[in-house]
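**Q** return a 3D structure for these sequence lines:
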Amino acid sequence: MPTAQKSPSTVANALRRNVAIIAHVDHGKTTLVDALLHQSGIFRANERVAERAMDNTDLERERGITILAKNTAVHYRDVLINIVDTPGHADFGGEVERTLAMVDGVLLLVDASEGPLPQTRFVLRKALERRLTPIVVINKIDRPDARVQEVLNEIYDLFIDLDATEEQLDFPVLYTSSRAGTSSLSATEAGEDLRPLFDAIVDYVPPPRGDVDAPLQMLVANLDSSDYLGRIAIGRVFNGRVKIGDPVAVCKLDRRVQETKVTKLFSFEGLKRIEITEAAAGDIVCLAGIEDITIGETIADVEHRIAMPVIAIDEPTVSMIFGVSTSPMSGRDGQFVTSRQIKDRLDRELLGNVSIKVEPTDTPEQMKVLGRGELQLSILIEMMRREGFELQVSRPVIVTKEVDGKLMEPVEDLVIDVAEEFQGVVIAQVGTRRGTMTKMVNHGSGRVRLEFRIPARGLIGFRSQFLTETKGTGIMNHLFSGWEPWHGAIAARSTGALVADRAGVATAFAIWNLQERGEIFVEPGAPVYEGMLIGENARANDMDVNVTKEKKQTNMRASTADEAVRLIPPRKLGLEQAIEFINDDELVEVTPHNIRLRKRVLAANLRPKSRAE
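**A** Have a look, this model is predicted:
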């Protein structure tokens, strides 16, 4: 099957602009989209709109991060501006890579205080590789610690470092406050609204190129589904036209061609989709009625079946084993507990998430899931658990590969922002995990920025330790940098576990006696089973304990009878902390209402034998 030639240089539609907003996580992308939507007049005066309207899933609202890329469109003067809000976290880089295929320009949003951070570099590199026109937006200029000029210099350095062309370096700069909904062309003059930003998009982002009269070519960059319409393909029409009822050919990734018909056609307007009868080159639209379509496929003219180049996606670097829960408490919480149901759910995830891979293992009860990072996989587990799934997952393992007989492992660039008093302990921590410092910057504000190069496996379990050492004030970000020869062994968790030696219910009396041994994870009244981790031992070895022990009652009054049992509140581990905490011989049991830690081998008398093997 032939592939597409270079896109034609003719303007497809002078009244369209397709732009993506890219930035580091938490720099204000979604808030800026909110302000653009409000000021474009999309919403009625009395319409109630949630804050961060584009973050429309519970997980995104809870965590304050964008996980899935989303489309919206606003009208400014006579021009329709299609805007794509992309995730800022590199773990969701697959979302960024495919959305950049739909646009002609990017708004690079940078915090006026923090400056360019690792994910800024990641998303900008992808945009520059695609030769997209950048507009730099320095956001949060009303922050008291804003350092606008230094940040602008850092942005220029970043562009030069990423081998930007002369045209790309000649970018316009706007100064905004997303929360206030203002923008200005000058750092010293306060803006009144976002009109300068709208003008910059219209003036600097080129209109989409393509040939309206050529045969149809539409690249599918995203998927959605509807109970009524089935699977919905979201993508950009690069050439030609498409109308409702048109016969089309889907050029599949395996080079097969599937003929079908367009049943519904939608375009974006604000947060809604509106039905249209026809779309042409340059438009970003949704097509319904095409079964089994996946991301990266091309919807083409029936007579001219020419496929677009497939979207290139970076390789996954972390893997975890997802399996059926074999705990004595399995089946009590969840609705979906079988291996077939878990496999079907992972297959559905593969359709819309191009940066995840699923591989079979020796047993049908377990599947190996590969992704970009711990966060991406923990978000997937959290979504499954909220949907009613029960499963058990292993500790994350780094994906390695062999090049010229050498074992290679992924290496990350780690950027840490901490108060000066914590820099010593952080440098020591990273050093024990085979990290080397590459840069240290002190802006004189009481905080220090440290940059390291560290093997990706050195970051497993690091976040919780880092937050403890910095008393929750440290900020860390990391980004996949490349492959390097194996760096050597890295010490695992230095503490052992307190393991329940029998099934029953945890009692206050037993927990009170065990508190001096280490930190407890369960509270009185919690059901436990043999092999379940109920705490962290202060020493390096594991200890089997009886957490169900009750105080013996006698008919003699003891002097201690009226003493109150004082319990330290248990340490409640969230999903990410649990995944980071476990060792190789342990698993996390995930159910809709509980997260439990357990040993792979539950029976205490069989554990030494399994360790020997």
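**Q** in stretch 423-430, what counts as buried?
**A** Burial within stretch 423-430, assessed by neighbour count using 16 or more other Cβ atoms under 10 Å, is assigned to 423, 426, 427, 429, 430. No exception for glycine: its C-beta is placed from N, CA and C like everyone else's.
**Q** now do the SS call for the closest residue in space to the last one that isn't next to it in sequence.
**A** Beyond its immediate neighbours in the sequence, the residue positioned closest to residue 430 (Cβ to Cβ, 6 or more residues apart in numbering) is residue 452, lying 5.2 Å away. Classification of residue 452 using DSSP: H, G, I helix; E, B strand; the rest coil returns strand.
**Q** ok, residue 452 - contacts?
**A** Applying Cβ atoms under 8 Å, 6 or more residues apart in numbering to residue 452 gives the contacts 413, 414, 415, 416, 430, 435, 436, 437, 438.
**Q** which one of the buried residues of stretch 423-430 is nearest residue 263?
**A** Relative to residue 263, the closest of these is residue 430; by Cβ to Cβ it sits at 55.1 Å.
**Q** mind checking what helix or strand follows the host helix or strand of the closest one in sequence?
**A** Using DSSP states H and E, residue 430 falls within helix 423-432. The first helix or strand that comes after helix 423-432 along the chain, using DSSP H and E, is strand 436-442.
**Q** now the strands for the stretch 351-500 of the chain?
**A** Along the stretch 351-500 of the chain, counting by DSSP state E, counting those that start in this stretch, strands occupy 357-360, 366-371, 391-393, 397-398, 401-403, 406-419, 436-442, 447-455, 475-485, 497-500.
**Q** looking at the ones you listed, which is nearest to residue 11?
**A** Taking Cβ to Cβ, strand 475-485 is the member of the strands of the stretch 351-500 of the chain nearest to residue 11, at 35.8 Å.
**Q** can you list the strands that that closest one pairs with?
**A** Its sheet considered, strand 475-485 pairs with strand 406-419 (antiparallel) by DSSP bridges.
**Q** give me the mean pLDDT for the strand it pairs with.
**A** If you average the pLDDT over strand 406-419, you get 86.
**Q** what does stretch 449-469 give?
**A** Taken as a whole, stretch 449-469 has a mean pLDDT of 83.
**Q** returning to that earlier point: wait, which of the buried residues of stretch 423-430 is closest to residue 542?
**A** Nearest to residue 542 out of those is residue 429 (Cβ to Cβ; 23.7 Å).
**Q** wouldn't the closest one be in contact with residue 469 here?
**A** Yes - assessed by Cβ atoms under 8 Å, residue 429 is found in contact with residue 469 at 6.5 Å.
**Q** overlap of the contact sets of the two?
**A** Shared contacts of residue 429 and residue 469 (Cβ under 8 Å, 6+ apart): none.
**Q** would you map the helices across the stretch 1-150 of the chain?
**A** Ranges of helices in the stretch 1-150 of the chain, per DSSP state H, counting those that start in this stretch, are 29-39, 58-63, 93-99, 118-129, 148-161.
**Q** can you put these in TSV and add distance to residue 487?
**A** Output for the helices of the stretch 1-150 of the chain, formatted as TSV (distance: least, Cβ to Cβ, whole Å):
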stretch	distance to residue 487
helix 29-39	34
helix 58-63	31
helix 93-99	23
helix 118-129	20
helix 148-161	24
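**Q** and of those, who's closest to residue 350?
**A** Between residue 350 and the helices of the stretch 1-150 of the chain, the tightest spacing by Cβ to Cβ is seen for helix 93-99, at 11.3 Å.
**Q** what strand or helix carries the spatially closest residue to residue 184 that is not a sequence neighbour?
**A** Among residues not flanking residue 184 along the chain, residue 191 sits closest, at 3.5 Å (Cβ to Cβ, 6+ apart). Of the helices and strands defined by DSSP H and E, none includes residue 191.
**Q** check the gap between residue 191 and residue 35 for me.
**A** Distance of residue 191 to residue 35, given as Cβ to Cβ, to the nearest Å: 11 Å.
**Q** now the end-to-end length of stretch 160-170.
**A** This stretch, stretch 160-170, spans 11 Å end to end (Cα to Cα, to the nearest Å).
**Q** what's it in contact with?
**A** Stretch 160-170 has contacts (Cβ under 8 Å, 6+ apart) with 121, 124, 125, 128, 131, 133, 134, 156, 159.
**Q** and with 10 Å instead?
**A** 116, 121, 124-129, 131-134, 156, 158-159, 171, 204 (Cβ atoms under 10 Å, 6 or more residues apart in numbering).
**Q** which of these count as buried?
**A** Using 16+ other Cβ under 10 Å as the burial test, the contacts of stretch 160-170 include 116, 121, 124-128, 132-134, 158-159, 171, 204 as buried.
**Q** by pLDDT, rank those residues and give me the bottom one.
**A** pLDDT across the buried ones among the contacts of stretch 160-170 is at its lowest for residue 121, which sits at 76.
**Q** what's the closest non-adjacent residue to residue 595?
**A** Computed as Cβ to Cβ, 6+ apart, the closest residue to residue 595 that is not its neighbour in sequence is residue 578, at 5.3 Å.
**Q** report the contact partners of residue 378.
**A** Listed by Cβ under 10 Å, 6+ apart, the contact set of residue 378 reads 91, 320, 371, 393, 396, 574-580, 588, 590.
**Q** that one and residue 367, how far apart?
**A** For residue 378 relative to residue 367 (Cβ to Cβ), the value is 16 Å.
**Q** residue 120 too?
**A** Using Cβ to Cβ, we find residue 120 at a distance of 34 Å from residue 367.
**Q** neighbour count winner among the two?
**A** residue 120 (26 against 21; other Cβ atoms under 10 Å).
**Q** touching, that one and residue 138? I think so.
**A** No - between residue 120 and residue 138 there is no contact under Cβ atoms under 10 Å: 11.8 Å.
**Q** which neighbours do the two share?
**A** Residues touching both residue 120 and residue 138 (Cβ under 10 Å, 6+ apart): 27, 108, 109, 110, 111, 155.
**Q** how about the fourth one, what does it touch?
**A** Okay, so that is residue 110. Shown in contact with residue 110 (Cβ under 10 Å, 6+ apart): 23-24, 27-28, 116-117, 120, 124, 136-140, 151-152, 154-155, 158, 173.
**Q** poorly predicted segments of the stretch 1-150 of the chain, please.
**A** Within the stretch 1-150 of the chain, the segments meeting pLDDT under 70 span 1-9, 24-29, 40-70, 87-97, 118.
**Q** stretch 388-402: end-to-end distance?
**A** Stretch 388-402: ends 39 Å apart by Cα to Cα.
**Q** how about it: buried residues?
**A** Within stretch 388-402, the residues scored as buried using 16+ other Cβ under 10 Å are 389, 390, 391, 392, 393, 394, 395, 396.
**Q** what pLDDT does the nearest residue to residue 259 once chain neighbours are set aside get?
**A** Nearest residue to residue 259, sequence neighbours excluded (Cβ to Cβ, 6+ apart): residue 249, at 5.4 Å. Reported pLDDT at residue 249 in the predicted model: 86.
**Q** and residue 249, how many neighbours?
**A** 21.
**Q** for it, what are its contacts?
**A** Contact partners of residue 249, counting by Cβ under 10 Å, 6+ apart, are 215-216, 257-260, 298-307.
**Q** switch the cut-off to 7 Å
**A** Residue 249 sits next to 257, 259, 300, 301, 302, 305 when contact means Cβ atoms under 7 Å, 6 or more residues apart in numbering.
**Q** top of those by neighbour count?
**A** Result: residue 300 is most packed of the contacts of residue 249 (other Cβ under 10 Å), 25 neighbours.
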